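Novice: sharing a model prediction with you, sequence too.
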Amino acid sequence: MSSEDLEPYLPSKKPKVEKIVEKQLPPLNNSDSVVLRFAPGPSGPLHLGHTRALALNNYYKKRYGGKLILRLEDTNPNAIDSEAYEMIQSDLNWLNIEADEVIIQSDRIELYYQEIRKIIAEGGAYVTSSDAEEWRDLKNQKKAHPDRERLPEVQLSEFESLLVEGKGIVVIKTDLEDPNPALRDFVALRVVEEPHPRQSTKYRLWPLYNYAVAVDDYHLGITHVLRGKDHLNNTLKQKWIYKYLGWDEPEYIHYGLVSIPNTNLKTSKIRESIAESEFSGWDDCRLATLKGLARRGYRPETFLKYWENSGLKEVDIKFSWQNFDAMNKDIIDSDTRRLFFVSDPVEFTIETDDKLVKDAPWHPDKPELGKREEEIVSGSNIFIQKSDAEAFQEGSLVRLKNLCNVIVSKNKLNFEGMPPKKGSQIIQWCSSHTPIDLFYPDGTIVEGIVEDNISELDGETVQFERVGFVRLEGKKAFFLHR
RNA sequence: GCUCUCGUGGUGUAGUCCGGCCCAUCAUCUCGGCCUUUCGAGCCGAAUACCCGGGUUCAAAUCCCGGCGAGAGCACCA
């Protein structure tokens, strides 16, 4: 019996229905009109971690023809970098994400005062001058501070006087019996005497995160809130405010947390290091700030694509530089020019009877981009990367890429024919000595030389053959990925 | 400790709601081979996963129960 005869009896693979369904993120509920927001605190420029929320919000804005609001949350006068207001907006620009509206919370303090008066008036909030520990201890024991039980009129006048003097906080009442201690009574406003970078000393009573967010989300008409699941409890707190004010809640979507390995994303830490000149600035190529990554040549599309691809499940995920790099390479490879870079150059002299011409395309798959040409005469210097030179055997045949074959003899390279020989080693080389330093994100710097035609490529991303993709900047090259 | 989430290859993801087209999708990574004047790209192939244990069912990644594991929050930060 041949295998063909057996065929009908073998467990047949069921024909698979062609899955033509294009992969996309899950749809949003109530998507008739979609208003989203990206709401960072202006404590520094944006980094890789911020781009997820940005990418997802932007994705749904585009998908449903909605609106995206950039809201700068600067209600803590102590944690503001006054340059960040601008930096964040330029980071958005770089990503080609357009905010339909820019809102700054410190411009809206009166609004927060107005709404809290309503909540106090209906008994949903109280003022207390209790000190932090005492108040928290009582809460943990499910007990109320005496101030909590005062009449709304009293609370209201306490609030008005807090606007001008004295110490105290304004607290939203929740359920003191809530089994989750994190959800029992939370502070809505507090006193900060420090001057604010934009408002100076105009206000002394500042709203806290959960309160300001809820008020703004409502007043800005936010329909969908996309955030990490570290905000799960915050969402529950914010719902209390919606409840007191009789507002309809937006849709809340919580996605899992991302851990980004080997990457320092703490803005405050980075700022310190910059101050100590450990880093050259926010755009240091060792940083995962958008500015640092842009400097290495990452493309904005890569960020958006990566996060759209990562979905918004509630599982925690690990960021993969490998996958990220692969996506970036996929985007840039087809139109990135090639160039020879020689690290730790070793000098050789070429011996040839005829004049030679380097004939190297700017891109191997795109002849239409033209080529680099150069005449090489006998006696010219040829620089070879040290690691290649060390592997040379006396008399071995190597190919100088896009030039000719040579036989190695001491520090001479003797011409040995034009047609490429199968199996011979192919190496890149330079005739001129144009120094360039290659900066790796791990901090190593490799000194080398590059072909003499980089001036018109300044600021561009190119591929150093056999090394990887880099972005050129003057006499520096920043390593992107392989 | 309390409260709340979530467990599909190394990584990310599809499928889980409404059990059978799933001997489980796609991408990346890894390993072969082809191709190539780059260790890039391209092409072909291989390997690797439904956390564990019970139960329901003709049938379970999908439903139920119990373990285990991972993460988050518990600030007068955002």
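Specialist: Thanks, I have it. Numbers count the residues shown, from 1 in each chain, chains lettered A, B, ... in the order given.

Novice: mind listing residues that contact stretch A:378-387?
Specialist: Residues outside stretch A:378-387 that contact it (C-beta atoms under 8 Å, 6 or more residues apart in numbering): A:342-353, A:376, A:400, A:413, A:427-431, A:433, A:448-449. Glycine gets a C-beta too; all of them are placed from N, C-alpha and C.

Novice: same question, stretch A:442-449
Specialist: A:286, A:341-345, A:383, A:385, A:430, A:432-440.

Novice: now the buried members of those residues.
Specialist: A:286, A:341-345, A:383, A:385, A:430, A:436, A:438-440 (16 or more other C-beta atoms under 10 Å).

Novice: which one of these is nearest to RNA strand B?
Specialist: A:Gln385 (7.8 Å; C-beta to the nearest atom of the strand).

Novice: next step: the buried ones among the contacts of stretch A:442-449 restricted to strands.
Specialist: A:341-343, A:345, A:383, A:385, A:436, A:438-439 (DSSP state E).

Novice: which two of the residues you listed have the greatest separation?
Specialist: A:Phe383 and A:Phe439 (20.5 Å; C-beta to C-beta).

Novice: for the stretch 51-200 of chain A, just list every one of the helices.
Specialist: Assigned helices in the stretch 51-200 of chain A, in chain order: A:84-94, A:109-121, A:132-140, A:152-162 (criterion: DSSP state H, counting those that start in this stretch).

Novice: please point out which parts of the longest one sit buried.
Specialist: The neighbour-count criterion (16+ other C-beta under 10 Å) identifies A:109, A:112-113, A:115-116, A:119-120 as the buried residues of helix A:109-121.

Novice: just the CA trace of it, in PDB.
Specialist: Provided in PDB are the C-alpha atoms of helix A:109-121 (Å, rounded to 0.1, in the frame of the first residue of the first chain):
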ATOM      1  CA  ILE A 109      -8.900  75.900  40.600                       C
ATOM      2  CA  GLU A 110     -12.100  78.000  41.000                       C
ATOM      3  CA  LEU A 111     -14.000  75.100  39.300                       C
ATOM      4  CA  TYR A 112     -12.700  72.600  41.900                       C
ATOM      5  CA  TYR A 113     -13.700  75.000  44.700                       C
ATOM      6  CA  GLN A 114     -17.200  75.500  43.200                       C
ATOM      7  CA  GLU A 115     -17.800  71.700  42.900                       C
ATOM      8  CA  ILE A 116     -16.500  70.900  46.400                       C
ATOM      9  CA  ARG A 117     -18.900  73.500  47.900                       C
ATOM     10  CA  LYS A 118     -21.800  71.500  46.400                       C
ATOM     11  CA  ILE A 119     -20.500  68.300  47.800                       C
ATOM     12  CA  ILE A 120     -20.000  69.800  51.200                       C
ATOM     13  CA  ALA A 121     -23.400  71.300  51.200                       C
END
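
Novice: got a list of contacts for it?
Specialist: Residues from elsewhere that reach helix A:109-121 (C-beta under 8 Å, 6+ apart): A:125-127, A:152, A:155-156, A:159, A:163, A:170, A:172, A:188-189, A:199, A:202-203, A:205-207, A:211-212, A:215, A:219, A:241, A:244-245.

Novice: and stretch A:39-55, how far apart are its ends?
Specialist: End-to-end span of stretch A:39-55 (C-alpha to C-alpha, to the nearest Å): 13 Å.

Novice: nearest to RNA strand B, out of the helices of the stretch 51-200 of chain A?
Specialist: Ranking these by proximity to RNA strand B (C-beta to the nearest atom of the strand) places helix A:132-140 first, at 2.9 Å.

Novice: before we move on, back to that, tabulate the buried residues of helix A:109-121 (JSON lines), appending pLDDT and distance to RNA strand B.
Specialist: Shown next, in JSON lines, are the buried residues of helix A:109-121 (pLDDT from 0 to 100; distance: C-beta to the nearest atom of the strand, whole Å):
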{"residue": "A:Ile109", "pLDDT": "98", "distance to RNA strand B": "12"}
{"residue": "A:Tyr112", "pLDDT": "98", "distance to RNA strand B": "11"}
{"residue": "A:Tyr113", "pLDDT": "98", "distance to RNA strand B": "15"}
{"residue": "A:Glu115", "pLDDT": "98", "distance to RNA strand B": "16"}
{"residue": "A:Ile116", "pLDDT": "97", "distance to RNA strand B": "14"}
{"residue": "A:Ile119", "pLDDT": "97", "distance to RNA strand B": "17"}
{"residue": "A:Ile120", "pLDDT": "97", "distance to RNA strand B": "17"}
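
Novice: how close does the nearest residue to A:Asn233 once chain neighbours are set aside get to A:His231?
Specialist: Using C-beta to C-beta, 6 or more residues apart in numbering and skipping residues adjacent in sequence, the residue nearest A:Asn233 is A:Ala182, 5.0 Å away. Taking C-beta to C-beta, to the nearest Å as the measure, A:Ala182 and A:His231 are separated by 12 Å.

Novice: neighbour count: those two, which is higher?
Specialist: A direct count of neighbours by other C-beta atoms under 10 Å for A:Ala182 and A:His231 places A:His231 higher, at 18 against 11.

Novice: number of residues surrounding the closest residue to that one other than its chain neighbours?
Specialist: Spatial nearest neighbour of A:His231, excluding adjacent residues (C-beta to C-beta, 6+ apart): A:His254 at 6.4 Å. Neighbours of A:His254 under the rule other C-beta under 10 Å: 18.

Novice: show me what A:His254 bridges to in the sheet.
Specialist: A:Arg227 (DSSP bridges).

Novice: identify the farthest-apart pair in the buried ones among the contacts of stretch A:442-449.
Specialist: Top of the distance list for these (C-beta to C-beta): A:Arg286 and A:Phe383, 28.3 Å.

Novice: out of the contacts of helix A:109-121, which are buried?
Specialist: By 16+ other C-beta under 10 Å, these give A:125-127, A:152, A:155-156, A:159, A:170, A:172, A:188-189, A:203, A:205-207, A:211-212, A:215, A:241, A:244-245 as buried.
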